[in-house]
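*Asks:* Sequence and computational prediction follow.
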Amino acid sequence: MSSELQLKIVSLKEVVYNDYVDSVTLPTKSGEITVLPNHAPLISHLAKGTIRAKSAGQQRPFEIDGGFMEVTHDSRLIVLLD
């Protein structure tokens, strides 16, 4: 089992972030969720807010206006921004 989650954040113009993290907290239309390594596959609509990626005790925020996210079965989280 992997202990890291690959986070890839993509906008219409560029790849904003692509690295391995310990956890990611995201603002979905249904409320805030935290994705950890080995999370069940999931697709969700994102709301305006802050994505918080945590790695080695440090948190990195990304302000977003919305978009979509997908968690795959192999511990990858892909975020597509509006």
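*Replies:* Arrived safely. Numbering: from 1, shown residues only.
*Asks:* Walking through this structure, point out its strands one by one.
*Replies:* Here the chain has its strands, by DSSP state E, at 5-10, 15-21, 23-28, 31-35, 42-46, 49-55, 58-64, 67-71, 76-81.
*Asks:* now these in TSV, with mean pLDDT and mean neighbour count?
*Replies:* From N, CA and C alone the C-beta is placed, and that goes for glycine too. Below are those laid out as TSV (pLDDT from 0 to 100; neighbours: other Cβ atoms under 10 Å):
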stretch	mean pLDDT	mean neighbour count
strand 5-10	98	19
strand 15-21	97	14
strand 23-28	98	19
strand 31-35	98	13
strand 42-46	97	14
strand 49-55	97	18
strand 58-64	97	13
strand 67-71	98	18
strand 76-81	98	18
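*Asks:* Return the distance of residue 13 relative to residue 3.
*Replies:* 32 Å (Cβ to Cβ, to the nearest Å).
*Asks:* The two: which is more packed in?
*Replies:* The neighbour count for residue 13 versus residue 3, taken as other Cβ atoms under 10 Å, is higher for residue 3 (10 against 7).
*Asks:* show me what contacts the more buried one?
*Replies:* 22, 37 (Cβ atoms under 8 Å, 6 or more residues apart in numbering).
*Asks:* For residue 37, see how far away it is.
*Replies:* Distance, residue 3 to residue 37, using Cβ to Cβ: 6 Å.
*Asks:* Perfect, I'm done here.
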